[in-house]
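**Student:** Quick check, what structure comes out for this input:
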Amino acid sequence: MLNKYPMWKNIMVVLIIAIGGFYAIPNLFGEDHAVQIVATRGAEVNASTQANVVQMLEGKGIAIKRAELENGQLLVRVQDAEQQLLAKEAIAEQLGQKFTVALNLAPATPEWLEAVGGSPMKLGLDLRGGVHFLMEVDMGEAIRKMEEAKVADFRSQLREEKIRYAGVRKTPKGIAIKFRDADTVSQAENYLKTRSNDMVYTDASTDKEFVLLATMSDVYLKQIKEEALQQNITTIRNRVNELGVAEPVVQRQGAERIIVELPGVQDTARAKEILGATASIEFRMVDDKADVSAAASGRVPAGAEVYQRREGGIAVLKKEVMLTGDHITGAQPTFDEYSRPQVAINLDAKGGTIFSNVTKDNIGKPMATLFIEYKDSGQRNPDGTVKMTKIEEVISVATIQARLGRNFVITGLEHSEAQSLALLLRAGALIAPVTIVEERTIGPSLGKENIENGVQAMVWGMVVVLVFMMIYYRAFGFIANLALLANLIMVVGVMSMIPGAVLTLPGIAGMVLTVGMAVDGNVLIFERIREEILGGRSVQQAIHEGYGNAFSTIADANITTFMTALILFAVGTGAVKGFAVTLMIGIATSMFTAIVGTRSIVNAIWGGKRVKSLSI
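**Tutor:** Next comes the predicted model:
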C-alpha cells in the first residue's frame, strides 16, 4: 500500500526525536554561580575542608545551594553573583595561600538527569565569558637547557670512550671542549660525530690550546623550538585538566605562542594562579661537603648554588642538573612498607639511561628535587608584557640507596605533598618557561548579551519561516513547521551529547543557517508533489513520487555542504570550527526531519486512504 510506514519505522522516528529532546532538556536549567576550590603547594581539599567552608559561609549568612567534593576539588554553589563574590572573598581569607579559590559557573542540571548522562551544551568563551591568555615560550631558555644537557652528554660520552679532555664548557659561540693535543681533538671529533650528529663540530685550536667547538645545526635548533612549543602545549593542557578547569582551550599560535582560554572562569588573577602551577622539576645532587652556615652567609662553593627548602632552611645543590621532568612518563603517590608516603616515578628510555649512569657513582649521597615555578609578579616589562617571577625551592632531599633506572621513588614527603608532587610530575614539565603577553577577560554579561542577540535572531528567523510555510503550504506547511522545531531540538540535543562540541557565537549563526536549510528540503518535496498533482497523478502517487524524486536533489545539496563544513572543521580554529560543528550537525538532523520525519506524519494522516485533494 502506498505511503504507509511499518510500525517499527514510526517508532524509530519518535524514539530518535525523543532522545534528542531528552538530552536537550538540561539546557533549560541554566547555570549556578559557584566558587571552585583547588589545593596547591602541598595542601589537600577533603571532607574536613568542605565542612569548614560550609559552616563558615552559613555563619556569614551566605545561602549555599550545594557543596560538591569530587576528585580533590570543592565546588560550592550559591544563589547569585553578589553572594558568589562574598563567598569567594570569605573562603580565600579563611583557607590562605595554599588553595586556589576561583569564581566559576556550574550547570544547574538536576542530579537525576546527570545520572543518565544529561548535561547542557558547552558554551565557548564568547558566550559563557571567561579569561583568555596569549602566552609566549622562552625559546632562549629551551636552547640553554639543551646546551647544558649536551655539556653533560659530552662529558659522559668522552669518559665512556676513555678520551681524555681538559674541560667542557658553554661559550657564546657554542660548547668548547678542551684537549691536551691535536690528535685527541681529531679522535674526539670523529667519535662525537657518530654519537651526536645533530651538532656541527669545528676544530677551533690555536697555538696555545687545543679546542673542539660544537654548535647546534639549524635543523636541530628548529627541532628544539618545535618540541619546546609542542611539549609546553601538552603540559599546559594536562595541568589545566588536572586542576579541574572546565572545557579549556589550549592551542598554538605561530611559532612561539600558545592561546589558553578558560570558559566560565571570571577571575583573571586566580586563573593566572592556576596557570602558575605550570612549573618544572629538576633532580640535582646535594653538595654534602659544603658548609651550610657559610653558604647561608654568601660563601657558596664553586659549582654550587643555594636554594630555599619548602619546610624551611636552605640546601646547597650542585649546579649540574641530573635530570629534568620532561623525561617523566608517570608518577603515582604510594606508601612504603612502613606506611610512609612516597612518589613512584617512571621515566622514558632516554631518561632511564641518563639517570642510571648518573646515580651509579652517587650511591649513598643525597639527591634533591628542585621545584621551579614561574608566577606573575604583578608588574610589567617596558614592552608591556607581564613580568614573571621565578620561584625555586627544594621540595625533597633523599639519599640514593642504589643505582636507579627507569623506576624509582621520592621519599621524605608528607601525604599531601606526595599527592601534589605526583600531580605535577604526571602532567609533565615545561621545557621552557612561558610568559603571558596578553590577557583578556570576557564578562558573563557580555556572553549573556551575545546569547540573547543570537537567540533573538534565530527566533525572528524561525517566526518568518513558520508564518510563510503556514500561509503558502497550509496543512503541509504546518507539518514542515513541526519538523523544523524537532530539528532545532535535535541539534541542541546532539550538541549536548557530544563531549567535545562547544557552542560559539558563529555556532549560533550555523544553527540559524540550518533553519533555512531544513525548510528548504521540504519546499523541494512540496513543490514536487504539486507538480505531480498538476500532471494528473493521484494524491497517493503524487506524495510517493514527490518524496522519492526530491530525495536525490536534497541529498546532493546537503552532502556537498556537509563536505565543505567538514573541511572548515579540519583546517579551521576557534570560531570557524564552532560554526562548522553546528552546521554539520544541523545538516544531518535537517535531512532526517525533512525527509523521514515529515514523511512519517504525512503517511500517518493521508497514507493508504482515498484522498481527492491535498491542503498544499
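**Student:** next structured bit after whichever helix or strand residue 570 is part of?
**Tutor:** Taking DSSP states H and E as the definition, residue 570 sits inside helix 539-571. Helices and strands here follow DSSP H and E; after helix 539-571, the next one along the chain is helix 575-591.
**Student:** May I see the buried residues of that next one?
**Tutor:** Buried positions in helix 575-591, judged by neighbour count with 16 or more other Cβ atoms under 10 Å: 575, 577-591. No exception for glycine: its C-beta is placed from N, CA and C like everyone else's.
**Student:** circling back to that earlier point, can you work out which other helices and strands pack against the helix holding residue 570?
**Tutor:** helix 505-534, helix 575-591, helix 598-606 (3 or more Cβ pairs under 8 Å, 6 or more residues apart in numbering; DSSP states H and E).
**Student:** That helix to helix 575-591, inter-axis angle?
**Tutor:** Angle, helix 539-571 to helix 575-591, by axes from the mean of the first three to the mean of the last three Cα atoms, to 10 degrees: 160 degrees.
**Student:** buried residues in helix 539-571?
**Tutor:** Under the neighbour-count criterion of 16+ other Cβ under 10 Å, helix 539-571 has 539-547, 550-551, 554, 557-558, 561-562, 565, 568-569 buried.
**Student:** what pLDDT, on average, does that helix get?
**Tutor:** The pLDDT scores in helix 539-571 average 88.
**Student:** for stretch 195-211, same thing?
**Tutor:** So the average pLDDT for stretch 195-211 ends up being 86.
**Student:** Show me how far that stretch is from its chain's centre.
**Tutor:** With Cα atoms, centre = their mean, to the nearest Å as the basis, stretch 195-211 stands 44 Å off its chain's centre.
**Student:** One more: stretch 366-373?
**Tutor:** Distance of stretch 366-373 from the chain centroid (Cα atoms, centre = their mean) equals 27 Å.
**Student:** same deal with stretch 291-302?
**Tutor:** The chain centroid and the centroid of stretch 291-302 are separated by 43 Å under Cα atoms, centre = their mean.
**Student:** end to end, how far does it reach?
**Tutor:** Length of stretch 291-302, first residue to last, Cα to Cα, to the nearest Å: 12 Å.
**Student:** Dump the helices and strands packed on helix 539-571 into JSON lines; add mean pLDDT as well.
**Tutor:** Output for these, formatted as JSON lines (pLDDT from 0 to 100):
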{"stretch": "helix 505-534", "mean pLDDT": "86"}
{"stretch": "helix 575-591", "mean pLDDT": "87"}
{"stretch": "helix 598-606", "mean pLDDT": "90"}
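**Student:** Of those helices, which is nearest residue 432?
**Tutor:** Comparing the helices and strands packed on helix 539-571 by their distance to residue 432 (Cβ to Cβ), the top pick is helix 575-591, with 27.9 Å.
**Student:** got a list of contacts for the closest one?
**Tutor:** The contact list for helix 575-591 (Cβ atoms under 8 Å, 6 or more residues apart in numbering) reads 20, 124, 126, 487, 490-491, 494-495, 498, 501-511, 513-514, 517-518, 521, 554-555, 558, 561-562, 565-566, 568-569, 572.
**Student:** can I get the CA coordinates of it in CSV?
**Tutor:** What follows is helix 575-591, C-alpha atoms only, in CSV (Å, rounded to 0.1, in the frame of the first residue of the first chain):
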residue,chain,number,x,y,z
ALA,A,575,35.1,30.5,15.7
VAL,A,576,35.3,28.8,12.3
LYS,A,577,35.4,25.3,14.0
GLY,A,578,32.4,26.2,16.1
PHE,A,579,30.4,27.2,13.0
ALA,A,580,31.4,24.0,11.2
VAL,A,581,30.3,21.8,14.1
THR,A,582,26.8,23.2,14.3
LEU,A,583,26.4,23.3,10.6
MET,A,584,27.4,19.6,10.2
ILE,A,585,25.0,18.5,13.0
GLY,A,586,22.3,20.7,11.5
ILE,A,587,22.6,19.2,8.1
ALA,A,588,22.4,15.7,9.4
THR,A,589,19.3,16.4,11.6
SER,A,590,17.6,18.5,8.9
MET,A,591,17.8,15.7,6.4
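**Student:** That helix vs helix 505-534, what angle?
**Tutor:** Orientation check (the same axes, to 10 degrees): helix 575-591 against helix 505-534 gives 30 degrees.
**Student:** Look up how far residue 185 lies from residue 177.
**Tutor:** 8 Å (Cβ to Cβ, to the nearest Å).
**Student:** before we move on, what about residue 195?
**Tutor:** When Cβ to Cβ is the yardstick, residue 195 and residue 185 sit 16 Å from each other.
**Student:** which of those two has more neighbours?
**Tutor:** It is residue 185, of residue 195 and residue 185, that has more neighbours when counted by other Cβ atoms under 10 Å, with 22 against 13.
**Student:** pretty sure the more buried one contacts residue 203?
**Tutor:** Yes: under the criterion of Cβ atoms under 8 Å, residue 185 lies in contact with residue 203, with a separation of 5.9 Å.
**Student:** Might you report the residue contacts of the closest residue to residue 133 other than its chain neighbours?
**Tutor:** Closest residue to residue 133 apart from its sequence neighbours, by Cβ to Cβ, 6 or more residues apart in numbering: residue 260 at 4.4 Å. By Cβ under 8 Å, 6+ apart, the residues touching residue 260 are 132-133, 135, 236, 240, 248-250, 275.
**Student:** got the phi/psi numbers for residue 90?
**Tutor:** Per-residue torsions, residue 90: phi -70, psi -40 (degrees, to the nearest 10).
**Student:** Run through the stretch 1-150 of the chain and note the low-pLDDT ranges.
**Tutor:** The model of the stretch 1-150 of the chain has pLDDT under 70 over residues 1, 40-43, 97-98.
**Student:** Helices of that one, start to end?
**Tutor:** Counting by DSSP state H, counting those that start in this stretch, the stretch 1-150 of the chain has helices at residues 7-24, 47-59, 81-95, 111-115, 125-128, 139-160.
**Student:** Make TSV from those helices and add distance to residue 529 and mean neighbour count to it.
**Tutor:** Putting these into TSV (distance: least, Cβ to Cβ, whole Å; neighbours: other Cβ atoms under 10 Å) gives the following:
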stretch	distance to residue 529	mean neighbour count
helix 7-24	20	15
helix 47-59	63	14
helix 81-95	54	18
helix 111-115	41	11
helix 125-128	40	25
helix 139-160	66	16
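**Student:** Of the ones you listed, which is nearest residue 75?
**Tutor:** Residue 75 lies closest, by Cβ to Cβ, to one member of those: helix 47-59, at 9.9 Å.
**Student:** Could you tell me the angle between that closest one and helix 81-95?
**Tutor:** Going by the same axes, to 10 degrees, helix 47-59 makes 130 degrees with helix 81-95.
**Student:** Quick check: buried residues in stretch 486-505?
**Tutor:** Neighbour counts over stretch 486-505 (16+ other Cβ under 10 Å) mark 486-497, 501-505 as buried.
**Student:** Next secondary structure after the biggest helix by length in the chain?
**Tutor:** For the chain, the helix reaching the highest residue count under DSSP state H is reported as helix 444-497. For helix 444-497, the following helix or strand on the C-terminal side (DSSP H and E) is strand 502-503.
**Student:** So what are the sheet partners of that following strand and their directions?
**Tutor:** strand 122-123 (parallel) (DSSP bridges).
**Student:** tell me the secondary structure for residue 168?
**Tutor:** Assigned by DSSP: H, G, I helix; E, B strand; the rest coil, the conformation of residue 168 is strand.
**Student:** in the sheet, who's paired with it?
**Tutor:** Beta-bridge partners for residue 168, by DSSP bridges, are residue 177.
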